[in-house]
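# Next come a sequence and a model predicted from it.
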Amino acid sequence: PEVKLSGGRASVVFAIREGQPTRIESVELTGNHQLTRDALMEVMHSRPGVRLLPDRLEADLEAVLDLYENQGYPYCALRPEVVIRPGSDVSQVRVEIDEGPLVRIDTVLFAGNRVTKADVLARETRLQTGEIYDQRRVDRAVQTLRRLPYLLEVKPPRLDRVSLPGRTALVVDVRERSAGRVEGGLGYAPGPPGASRGLTGQFSLDFESFLGTGRGVHASWGRRGPESSDLELRYREPWAFGTPLSGEFHVSVRERVGFVENELGGAAAFAVTPDLNLRMGLRREGVRPGQGDLEGGIESQFWGVEAGVRYDTRDDLWNPKGGSRYEGTLNWGRVETGEVRRSRRQFAVLLAHFIPTGGRSVAAVSLRAEGVMQSGRVPPEARLRLGGGATIRGHREEAFLATQASWMNLEWRLLLGRRSRAFLFADLGALK
């Protein structure tokens, strides 16, 4: 370096000669017996004639390890060496490969599941006994487990070749949620003179995995005022007949100003893949006049069929850091009001995407559209009920009745824990 003095101050000047960029002259791979050189070079970008970039070379080595892990060699190890001759601008890249043994998953073991049965968890992974280890399938199995509502945490799995001599076990550590949950509260709404008054409250009982079997049981009662109450019962039976076919049954009674609505339905859902779910169902609704004699005291009944599809790639059920959730549902049916029969169609679409924004923050964007169409006027009990925490926030529950609606939910989330977060939100939409 050159030092320059001026007025009692010094400056240091460095002269830099960049020279020519170092390029790769050759790539030598040794020790690869199970995978060909062409197969390995296909995943590498460090090739003869290109510049030698340390970050690129490191990414190439990770890609080679991933390739071996997906082919049944999770114990593969690499020993790279870069040789640059003095005064030369070319280099030789040498990678010695220790492929390790071919690994098969002889069994899947779970640790930490005190209530949930091991076979219930194992069937969700869809890993077969004796199959060749594939890191992609293992990653998908872990992602599926993390979306189960009765698991609080699923740690990255590990291989155990010690506890079972001559066999390889894939061990997954999990932490369960509480087997059951009861929530509720009561209040009293006095109301102004002359107005209705009475008890208000909300109670719910949930078993996400009843007796550790994966069966779901839900019962809830809610009352927002003397003329608005809800009662709902749901039951879910997973993996019917040992297949990824699940069944669901539900019954509900809703009382609103002017009418009482009861609903009975059942559905079957088939998980084509852990991410893709197809659904078919039947539904019956009955409406009778309540306080206020809706529609002049005329009762109505609705019979319909339902079809739906769901695609879910979220990496966590409660606080996803990435992934998407797409859902679509169509309902067709006939409504009978006295001697009059009309057709009714309903649809609902959800498009949600979760984008990591650094650290523990996530941006969540969802678009929704719903509609109900009927020959003639759509009665109040069949319209969409919007407003509140599950639809358009900032308004009271069921503040709006509409026949068509589309809205957007925007959130910036700061993840505080596995089941807690702070967030800012903005909702906007259009109703008709």
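Structure's in. What do you need?

# Now for residue 43: which residues touch it?
For residue 43, the contacting residues are 60, 63, 64, 66, 67, taking C-beta atoms under 8 Å, 6 or more residues apart in numbering as the criterion. Yep, even glycine has a C-beta here, placed from its N, CA and C like the rest.

# Of the residues you listed, select the buried ones using a PyMOL command.
Burial among the contacts of residue 43 is assessed by 16 or more other C-beta atoms under 10 Å; the matching PyMOL selection reads:
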select buried, resi 60+64+67
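
# just checking, which of the contacts of residue 43 belong to helices?
If you go by DSSP state H, those have 60, 63, 64, 66, 67 in helices.

# Any buried residues in stretch 83-103, and which?
If you call a residue buried by 16+ other C-beta under 10 Å, then stretch 83-103 has these buried ones: 90, 91, 92, 93, 95, 97, 99, 103.

# Please report the distance of the last one from residue 64.
What that stands for is residue 103. 17 Å (C-beta to C-beta, to the nearest Å).

# Looking at the contacts of residue 43, which is nearest residue 339?
Sorting the contacts of residue 43 by how near they are to residue 339, with C-beta to C-beta, puts residue 66 at the top with 67.5 Å.

# Please name the residues that touch the closest one.
Residues in contact with residue 66, defined by C-beta under 8 Å, 6+ apart, are 43, 135.

# how about low-confidence regions in the chain?
Residues of the chain that meet the criterion pLDDT under 70 lie in 191-197, 291-297.

# What segments of it are helices?
Ranges of helices in the chain, per DSSP H, are 37-42, 54-70, 118-125, 135-146.

# Reformat those into TSV and put distance to residue 159 next to each item.
Below are those laid out as TSV (distance: least, C-beta to C-beta, whole Å):
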stretch	distance to residue 159
helix 37-42	23
helix 54-70	11
helix 118-125	15
helix 135-146	10
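
# residue closest to the middle of this protein?
Centre of the chain computed as the mean C-alpha position; nearest residue by C-alpha atoms, centre = their mean is residue 314, 2.9 Å away.

# How many neighbouring residues does the residue lying closest to residue 257 once chain neighbours are set aside have?
Of all residues not flanking residue 257 in the chain, residue 227 sits nearest, at 4.8 Å (C-beta to C-beta, 6 or more residues apart in numbering). A count of neighbours around residue 227, defined by other C-beta atoms under 10 Å, yields 15.

# ok, now how distant is residue 227 from residue 384?
In this structure, residue 227 and residue 384 are separated by 20 Å, where distance is defined by C-beta to C-beta.

# Based on its surroundings, how many neighbours for residue 74?
The criterion is other C-beta under 10 Å. On that basis, residue 74 has 19 neighbouring residues.

# That one touches residue 104, doesn't it?
No. The pair formed by residue 74 and residue 104 falls short of the contact definition of C-beta atoms under 8 Å, at 11.0 Å.

# Common neighbours of those two, please.
Residues touching both residue 74 and residue 104 by C-beta under 8 Å, 6+ apart: residue 133.

# can I have stretch 374-383 written out in CSV, keeping just the CAs?
Backbone C-alpha positions of stretch 374-383 (Å, rounded to 0.1, in the frame of the first residue of the first chain) are rendered in CSV as follows:
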residue,chain,number,x,y,z
GLN,A,374,-82.0,-19.3,-7.0
SER,A,375,-84.9,-19.0,-9.5
GLY,A,376,-86.9,-16.1,-8.1
ARG,A,377,-85.9,-14.1,-5.0
VAL,A,378,-83.4,-15.6,-2.6
PRO,A,379,-85.0,-15.7,0.8
PRO,A,380,-83.2,-14.2,3.9
GLU,A,381,-82.4,-17.5,5.5
ALA,A,382,-80.6,-18.7,2.4
ARG,A,383,-78.4,-15.6,1.9
